[in-house]
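[1] Pasting the sequence and the predicted model now:
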Amino acid sequence: GGSGKMDSNTPKNAFNSFVDALVNLVDAPTTWFRETIVAKNRPEYYWYHRQFRRVPTIDECYTDDYVCYIEANEQFKRDKMVDNEVLNILRQRQEDCVLFEGHDHVRKCAKLREEYEKAAENWFIKYGDLGAYGNVRDAYMKQKHRMIWERRHGPVGSGMKDQLD
Amino acid sequence: RVKMSVVSCLRSGTNLLKNVSSPARCLFMIQREMGGHGPRKMVITPSRWQWHKFKDMLHFYFMLGVIPLGTLVFLVNIFIGPAKLSPIPEGYIPKNWEYYPHPISRFLARYLYTSHQQDYEKYLHFMYEEKEKQQMRLLEKKIRTLMAERGDSQAMFYRPILTKYHRYVREEYDRLEHTTGPTI
């Protein structure tokens, strides 16, 4: 039946009209009720999504400024949620492409796959291995340790060099 | 015909005798009678008054809450309805209740609950105070360990020698010696 669609599906045969009648058995009274109560002016008023201002990040906080650290941590958690969803969307795109293309996915979905892999790698660089209780300080220290390692051994993935050379 | 016999059997015993003439019917009715309810009896059971009264009161007090609140929620949902989501207009700071869609949530947020901003700021202030106290306690602990280690300050770990009690004892001893004579 065409209960959910706005365009009128005119029944083409007896089965269609039968199914339409069954659906309208429930749909017509509820639609009538809705029309009569929406026509009884419901006030038009709005609600908004909460928007958080950007606060100083952890690298701009003094070491004994705990309030600054708390705000930076909250911002970090919000940014992590946003990044999780972004990664989800990229992963969904890649998986839909793979599902759709079938055997051709190696060739046709290569760009989407590469985008997702790059985004996943960046996500892991920033948020990975921090554990369930990882806070913004841990992430900051992770970045610092990574930079020190890269200074000593070159880019990540190129192996450890001899120290003290 | 089958149904009628069953009904006439169940309703009263006297009508049975009307159909005794045909033997088939007799047998049929006798068979049915065995599955019937039998003569009416007065069954003696313990009183279920308390249980019935309990159910009655439970039902009453439950409905006492459900009916007004249910009608209120029903009317609010129909005649006021939820709000529409829209982007925040330029230069406008929404009040704390304008972040909820349902009218009852908005009412509660407006008149009963503290706002998110208020809770957040109170939390930050509390954390700041606790951090200050923690810093002071750490400092005191550090100072105390240094004082214990060095032993150069009279503030702590210093036991002054009070000679008051030694004097009392000596006075007593002298008096005793005066009265009873020297011990040795």
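    In hand now; what should we look at? Numbers count the residues shown, from 1 in each chain, chains lettered A, B, ... in the order given.
[2] residues near residue 36, how many?
    If you meant another chain, say so; for now it's chain A. Residues near A:T36, counting by other CB atoms under 10 Å in any protein chain shown, number 10. Any C-beta I mention is one placed from the backbone N, CA and C, and that applies to glycine too.
[3] Not quite, go with chain B.
    The number of residues packed around B:G36, counting by other CB under 10 Å, is 13.
[4] Can you check the pLDDT for it?
    Looking at B:G36, its pLDDT is 73.
[5] Report the separation between it and chain A.
    Going from B:G36 to chain A by CB to the nearest CB, to the nearest Å gives 42 Å.
[6] likewise B:L85?
    For B:L85, the distance to chain A equals 6 Å [CB to the nearest CB].
[7] For that residue, which non-adjacent residue is spatially closest?
    In space, and not counting its chain neighbours, B:L85 is closest to A:W47: 6.1 Å by CB to CB, 6 or more residues apart in numbering or on different chains.
[8] tell me the pLDDT at the one you found?
    On the pLDDT scale, A:W47 gets 92.
[9] Tell me which residues touch it, please.
    Residues in contact with A:W47 (CB atoms under 8 Å, 6 or more residues apart in numbering or on different chains) are B:83-86, B:98-101, B:106.
[10] could you measure it against B:E98, distance?
    For A:W47, the distance to B:E98 (CB to CB, to the nearest Å) stands at 6 Å.
[11] Now for these two: what residues contact both?
    Here A:W47 and B:E98 have B:83, B:106 as joint contacts, going by CB under 8 Å, 6+ apart.
[12] re earlier: which of the contacts of A:W47 fall within strands?
    Using DSSP state E, the subset of these located in strands is B:84-85.
[13] Up against chain A, what does chain B have?
    Contact residues (CB under 8 Å from any CB of the partner chain) of chain B with chain A: B:78-81, B:83-88, B:94, B:98-101, B:106, B:116, B:124, B:127-128, B:131, B:135.
[14] make it 6 Å
    Contact residues, chain B versus chain A (CB under 6 Å from any CB of the partner chain): B:78, B:81, B:83-84, B:86, B:88, B:94, B:98-99, B:101, B:124, B:127-128, B:131.
[15] Thank you kindly, that will do.
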